[in-house]
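Asks: Quick one, what's the 3D model for this:
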Amino acid sequence: MNITSQTFSFTVEKSIEEEKVSQGSIKTIDISKKNRSAFAARKLQQSSEEGDDNRIGTACSKDDIVIFQGSTAPLPNGIPSYTVQILNVCASGCSISNIHVSCGWFSSVRLVNPTVFRRLYYDDCLVNNGEPLGPGECLSFQYANSFSYPLSISSVACC
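Replies: Next comes the predicted model:
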């Protein structure tokens with residue numbers, strides 16, 4: 001199965017829960033059933049004769065965490081700002097912890113709460129202080145820099 005392009009569109013019907021975390025927040029969201037666009041593409045795999053626990057619905061993977069990033073209003077001094085949303089889109093209801101992001105030399109003029117997102121080493125940032133992000137939860141933060149950083153999930157742990 002070849003997938004050449006992905007559409008990342010969704011409709012948030014309502015916010016169920018929101019926990020304020022200084023300059024970020026964790027939200028539990030419902031995704032509209034009327035819009036069935038996929039967040040992430042997965043390839044179906046045949047299970048081995050011994051049984052394969054890496055099939056859709058039985059195990060989580062780093063593909064279950066999706067990062068959205070977009071420009072927001074610049075700071076008063078003109079430095080561009082960006083909003084990042086990190087979502088757990090696991091279809092089988094799994095919580096995912098120890099979410100690590102490839103982030104280069106990530107830095108920000110605007111303070112980012114280190115319990116929400118922080119750089120540990122070059123190209124290794126930790127999300128949510130390593131704590132689990134439950135199914136449907138969304139974590140967001142804003143940063144400011146002269147350019148946006150390409151962010152991608154590098155590793156996760158399934159709870």
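Asks: pLDDT below threshold where in the protein?
Replies: Applying pLDDT under 70 to the chain flags the ranges 1-58.
Asks: Do a quick rundown of the strands in it.
Replies: 12-21, 24-31, 65-72, 81-88, 96-102, 117-121, 124-127, 137-144, 152-158 (DSSP state E).
Asks: A59: which of those strands is closest?
Replies: The closest of the strands of the chain to A59 is strand 152-158. By CB to CB, the value is 6.4 Å. The way it works is simple: take the backbone N, C-alpha and C, and place the C-beta from them, glycine included.
Asks: ok, now how distant is the closest residue to P135 other than its chain neighbours from K62?
Replies: Excluding its sequence neighbours, the residue lying closest to P135 (CB to CB, 6 or more residues apart in numbering) is G93, at 4.6 Å. From G93 over to K62 the distance is 17 Å, taken as CB to CB, to the nearest Å.
Asks: residues touching R119, list them.
Replies: Residues near R119 by CB atoms under 8 Å, 6 or more residues apart in numbering: 103, 105-107, 125.
Asks: Between the residues you listed, which sits nearest P114?
Replies: C125 (10.2 Å).
Asks: With N98 as the reference, measure out to that closest one.
Replies: 12 Å.
Asks: between the two, which one's more packed in?
Replies: C125 (20 against 16; other CB atoms under 10 Å).
Asks: wouldn't that one be in contact with V112 here?
Replies: No: between C125 and V112 there is no contact under CB atoms under 8 Å: 9.8 Å.
Asks: what's in contact with stretch 69-80?
Replies: 81-85, 109-110, 142, 144-148, 151.
Asks: Any buried residues in that stretch, and which?
Replies: Across stretch 69-80, burial judged by 16 or more other CB atoms under 10 Å covers P80.
Asks: Can I get it in CSV, CA atoms only?
Replies: Listed next in CSV are the C-alpha coordinates belonging to stretch 69-80 (Å, rounded to 0.1, in the frame of the first residue of the first chain):
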residue,chain,number,x,y,z
GLN,A,69,3.4,23.1,14.5
GLY,A,70,2.2,26.4,13.2
SER,A,71,3.1,30.1,13.3
THR,A,72,1.5,32.4,15.8
ALA,A,73,1.7,36.2,16.3
PRO,A,74,5.3,37.4,16.7
LEU,A,75,6.6,38.7,20.0
PRO,A,76,6.4,42.6,20.4
ASN,A,77,10.1,42.8,19.4
GLY,A,78,9.3,41.0,16.1
ILE,A,79,10.7,37.6,16.8
PRO,A,80,8.5,34.9,15.2
